[in-house]
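K.L.:
build me a model from this:
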Amino acid sequence: MKNNKSNRSNFVIKGFSSIQIGLYILLSSYLIKSSLDGYVLDGYVDNELSDSQIELFIQILVILTVLFSGITMYFFGFRQAKSSNQELWNTKSKQTALKFIVLFSVLLTLLFFLKSEGKIEFIAPVFLFGFAVHHLLQSKLVTENLLITGLCVLLGIVCIVIPSYWYPSLLMLGIAFITLGISAKP
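P.N.:
As a prediction, this is how the structure comes out:
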């Protein structure tokens with residue numbers, strides 16, 4: 001018989017799910033950086049990709065990163081609920097999933113708006129600030145969770161001051177999630 005009265009969310013970012021999300025961030029930021037470097041440094045001379053094709057590729061990578069992160073949270077939430085003999089969609093899990101969907105929908109909309117207005121130097125800081133808000137709302141207020149939020153805010157501020165620092169910032173965020181996953185207590 002399943003326990004319907006669980007007070008915890010099944011969709012948490014810790015352990016292997018945190019490692020996977022960190023890897024998604026690392027992979028997508030690397031692919032974005034390498035495609036931009038190849039385009040700017042004439043690596044695509046034979047291929048002649050247009051600006052719109054590069055933009056579309058980057059947009060697809062961002063959407064896939066968010067989508068795969070959500071799927072990872074769902075998959076590990078499903079496993080956690082099954083192993084602890086609980087319902088997957090309890091009240092907390094529904095709230096967590098709704099926050100994830102709403103926050104990242106607003107964030108992606110804001111990012112596409114910034115791109116369409118030509119404010120590309122603000123895309124990385126807004127993403128990092130949005131990620132900080134998401135992480136703050138999704139986790140308990142304990143020191144280890146505030147470290148990721150604080151890191152996102154700090155890196156967002158650095159990206160405002162130094163716009164070209166977006167790539168190292170995303171790498172640090174990915175590494176922070178991997179480190180959080182490795183250091184999680186079983």
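K.L.:
any regions of this structure where pLDDT drops low?
P.N.:
Scanning the chain for pLDDT under 70 picks out the ranges 1-7, 39-50, 139-145, 185-186.
K.L.:
show me where it has its helices.
P.N.:
Using DSSP state H, the helices of the chain run over 16-40, 51-83, 91-116, 123-138, 143-161, 166-183.
K.L.:
relative to R8, which of those helices is closest?
P.N.:
helix 91-116 (5.8 Å; CB to CB). C-beta coordinates here come from the backbone N, C-alpha and C atoms, glycine included.
K.L.:
run through the neighbouring helices and strands of the closest one.
P.N.:
helix 51-83, helix 123-138 (3 or more CB pairs under 8 Å, 6 or more residues apart in numbering; DSSP states H and E).
K.L.:
ok, 6 Å please
P.N.:
Where contact means 3 or more CB pairs under 6 Å, 6 or more residues apart in numbering; DSSP states H and E, helix 91-116 is packed against helix 123-138.
K.L.:
could you give the angle of the helix it packs on to helix 51-83?
P.N.:
10 degrees (axes from the mean of the first three to the mean of the last three CA atoms, to 10 degrees).
K.L.:
packing partners of helix 123-138?
P.N.:
Against helix 123-138 (3+ CB pairs under 6 Å, 6+ apart) you get helix 91-116, helix 143-161.
K.L.:
make CSV out of these and add mean neighbour count and distance to F127.
P.N.:
Output for these, formatted as CSV (neighbours: other CB atoms under 10 Å; distance: least, CB to CB, whole Å):
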stretch, mean neighbour count, distance to F127
helix 91-116, 15, 6
helix 143-161, 17, 8
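K.L.:
for N10, find the nearest of the helices of the chain.
P.N.:
Here helix 51-83 is closest among these (CB to CB), at 3.7 Å.
K.L.:
report the inter-axis angle for the closest one versus helix 16-40.
P.N.:
170 degrees.
K.L.:
other SSEs contacting helix 51-83?
P.N.:
helix 16-40.
K.L.:
redo the helices and strands packed on helix 123-138 as TSV? Include distance to L67.
P.N.:
Putting the helices and strands packed on helix 123-138 into TSV (distance: least, CB to CB, whole Å) gives the following:
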stretch	distance to L67
helix 91-116	9
helix 143-161	20
